[in-house]
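here is the input, now give the coordinates:
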Amino acid sequence: MTLLTQYLIGIDCGSTMVKAAVFDIEGREHATASRKIEHIYLHPDWTENNMNALWDHVCEVIHEVIRQSKIHPKEIVSVTCTGHGNGLYLVDGEGNPVRNGIISSDNRARKYIEEWTRNNILEQIMPKTMQNIWAAQPNALLRWLIDNEPETMSKAQYLFMVKDFIRYRLTGDAYMELTDMSGTSLINNSTSDYDDEVLEVWGLSDWKHLMPPLKRSSDICGYVTPRAAEQTGLAEGTPVAGGMFDIDACGLAVGMTDETRFCMVAGTWGNNLSISKIPVIDKEMFMTSCYSIDGYYLMLEGSAISAGNLEWFVSHFFQSDKELLKLRGAEENIYEYCSHLVTETQPENADIVFLPFLYGNPIHLDAKACLFGLDGRHSRSDVMRAVFEGICFGHRWHSERLFRFRGRPQTIRLTGGAVNSPVWAQMFSDVFQLPIEIPAGTELGCFGAALCGAVAVGIYKTYHEACEKMVTINRRFDPNPKFADVYETKYQRYLKLLDVLLPVWNDLT
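You can find the predicted model right below:
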């Protein structure tokens, strides 16, 4: 058999979905597959998953994309993983999970964050870690496990982020990867390495042995083992690259190779990011981490203020509509139906404000979501517009914090579930009064990972070259200036509501 074509597989392990996709070396997407991750809620504030089930889903989606694309496994020249940052995945010496995985929306370790904040530890350590701290970071989760599950810690051999766990299952080789680890507050981001002082500050000096050697995104970190080949359908010996934090994957997928680009991810989380050779080290910046491209830092402002809020509305209030669309054999899906509802209203006539805080927020630990300004004349269409707009305003709140350090960009490159709605993409453009560019492809996390794999195996010498050859922008939305004042007024109302509700949230503590 003559194999003439080279293909790349990218795997994206998000907090709610596992996805895989096959790409050729020019960036064309040939097949995609996904599986939903079932969350486990054993106690309030806990959010976990079954690590073995997660691996099974990865095997299934790899099998599926190979079958769909009708390629020979030996034509796949690299496999690369990305995944949600933070959380915690622990395995024993045999590679078996010692407990459920903990994902990045978990809040059990909140008291440690509160204690470290009271003791001003962040000010002490931020010059090295370059980021704020929150309950789902592994520093806090490790402290919780040490105090509450000592038997778990006694069995643990390796600490992983989610994509490092999947790579370990593929290769049998234990490594951590820099971009992911640089977002955990566990390493020194100025040296891109482990740091004893950082671990001592968190009370983790005795647990450094859990942390595998650090690798770069485009390092080859092993090869598909015979067992993994049998489980996934991949060819034994296929190279597996280091991979990256999912925010880095999205940055690469939109061609963010220098300071001129600005990337926005409107998915389960709302991430807004840019890169620079000079890191921003400031309490007003949510996170500064090491980017996949050597010499660059990635600055992130984000929280769970994005499209996950729409998914909640659909799940709780639109199930009958979803079933009706199926019965009718309608071509539009439920999210397209929601976009249609928005078009039944006009920005200047809809004055409801939605705070998209269903899954947390960047304002106050106890801030909650709300719909403000409802009265009897409002319809479902008005509410749906408020949901779309509130998510846009959440992104704007984060982005303007970034703009203080870098200035406003010329354009925004948008990814995530929101790009599937032209109505929503146009709304983002109108709210920001900036052009919105949408890259080609449907699974950009997988694409960014695959692009990394192309560099790892030498198809392209640099990320700049790979992005130039593989990234394509296929849609653009320009702002409508007649809505500039309308959305500015609405956004100011959104900000005012945050201030007005602050005393109420303080009463909830």
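
start to end distance for stretch 313-325?
Across stretch 313-325, the terminal residues are separated by 17 Å (Cα to Cα, to the nearest Å).

what ranges do the strands span in the stretch 251-400 of the chain?
According to DSSP state E, counting those that start in this stretch, the stretch 251-400 of the chain carries its strands in the segments 263-266, 270-276, 287-290, 297-303, 353-355, 370-372.

quick one: the fifth one to chain centroid distance?
Going back to what we said before, that points to strand 353-355. Centre-to-centre, strand 353-355 and its host chain are 23 Å apart (Cα atoms, centre = their mean, to the nearest Å).

before we move on, what about the third one?
Put simply, strand 287-290 sits 14 Å off its chain's centre (Cα atoms, centre = their mean).

repeat that for the fourth one.
Using Cα atoms, centre = their mean, we find the averaged C-alpha position of strand 297-303 to lie 11 Å away from the chain's own average C-alpha position.

which strands and helices sit next to that strand?
In terms of contacts (3 or more Cβ pairs under 8 Å, 6 or more residues apart in numbering; DSSP states H and E), strand 297-303 is packed against helix 246-253, strand 270-276, strand 287-290, helix 380-406. The C-beta positions use only the backbone N, C-alpha and C, and glycine is treated the same way.

so which of those is the most surrounded?
For the helices and strands packed on strand 297-303, the stretch with the most neighbours on average is helix 246-253, a mean of 31; neighbours defined as mean count of other Cβ atoms under 10 Å.

what's that one packed up against?
Under the contact rule (3+ Cβ pairs under 8 Å, 6+ apart), helix 246-253 is packed against strand 7-13, strand 76-83, strand 263-266, strand 270-276, strand 297-303, helix 444-456, helix 463-470.

so how far is the second one off the chain centroid?
Just to be clear, that refers to strand 76-83. The answer for strand 76-83 is 17 Å, by Cα atoms, centre = their mean.

likewise the shortest one?
The chain centre lies 9 Å from the centre of strand 263-266; the measure is Cα atoms, centre = their mean.

list the buried ones in that strand?
Judged by neighbour count using 16 or more other Cβ atoms under 10 Å, the buried positions of strand 263-266 are 263, 264, 265, 266.

run through the stretch 301-450 of the chain and note the low-pLDDT ranges.
Across the stretch 301-450 of the chain, the ranges flagged by pLDDT under 70 are 331.

what sits up against stretch 389-401?
Contacts of stretch 389-401 with the rest of the structure, by Cβ atoms under 8 Å, 6 or more residues apart in numbering, involve 262, 264, 266, 270, 272, 284-286, 301-303, 305-307, 309-310, 347, 350, 353-356, 362, 418, 424, 427-428, 431-432, 487, 490-491, 494-495.

give me the buried entries from the residues you listed.
For the contacts of stretch 389-401, a burial check counting by 16+ other Cβ under 10 Å picks out 262, 264, 266, 270, 272, 285-286, 301-303, 305-307, 309-310, 347, 350, 353-356, 362, 418, 424, 427-428, 431-432, 487, 490-491, 494.

break the protein down into its domains, please.
As recorded under automatic domain parsing, the domains making up the chain are 7-303+444-474, 308-440+477-504.

so which residues of the stretch 401-509 of the chain form strands?
Listed in chain order (using DSSP E, counting those that start in this stretch), the strands of the stretch 401-509 of the chain are 412-415, 436-439, 473-477.
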